[in-house]
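*Asks:* My questions are about this predicted structure, shown below with the sequence.
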Amino acid sequence: MINLDPITCKVCKGEGWYIREHDIECVYCGGEGVVFSNKLQRNLDCHYCHGRGYVHGFNHYKCIFCKGSGKRYWLDNIIRPISEERN
């Protein structure tokens, strides 16, 4: 007999979402890595991004395999096999 109970999604590990890391342009220096100091009358490394011009950021995305539920059903495995899931 077929088990119709939902199983935990292996992509998001049952959370319903996953995190994608990426770099974001620094809002303080506009991606230049330097800011002008009126007090010293010269350019200084941006204190927020430490002169890189970007900061490391994270975005949360709804899992596309379980549609945010954290569960998958037996029919999902036929339509989109687990071998297609990313780690």
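*Replies:* Received it, and whenever you're ready, just let me know what you need.
*Asks:* quick check: domain ranges of the protein?
*Replies:* The record's domain parsing of the chain by automatic domain parsing lists 1-16+63-87, 21-59.
*Asks:* Redo those domains as TSV? Include mean pLDDT and mean neighbour count.
*Replies:* Just so you know, the C-beta spots here come from the backbone N, C-alpha and C atoms, and that holds for glycine as well. As requested, the domains of the chain are arranged in TSV below (pLDDT from 0 to 100; neighbours: other Cβ atoms under 10 Å):
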stretch	mean pLDDT	mean neighbour count
domain 1-16+63-87	70	13
domain 21-59	86	13
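*Asks:* For the residue most central in space within the chain, which residues count as its bridge partners?
*Replies:* Among the residues of the chain, the one closest to the centroid is Arg20, at 1.9 Å (Cα atoms, centre = their mean). On the basis of DSSP bridges, Arg20 is bridged to Asn59.
*Asks:* Next, the distance between the ends of stretch 50-70.
*Replies:* 38 Å (Cα to Cα, to the nearest Å).
*Asks:* One more: stretch 39-59?
*Replies:* End-to-end distance for stretch 39-59, by Cα to Cα: 36 Å.
*Asks:* re the thing from before, and the residue nearest to the centre of the chain, what does it touch?
*Replies:* Contacts for Arg20 (Cβ atoms under 8 Å, 6 or more residues apart in numbering) come out as Phe58, Asn59, Tyr61.
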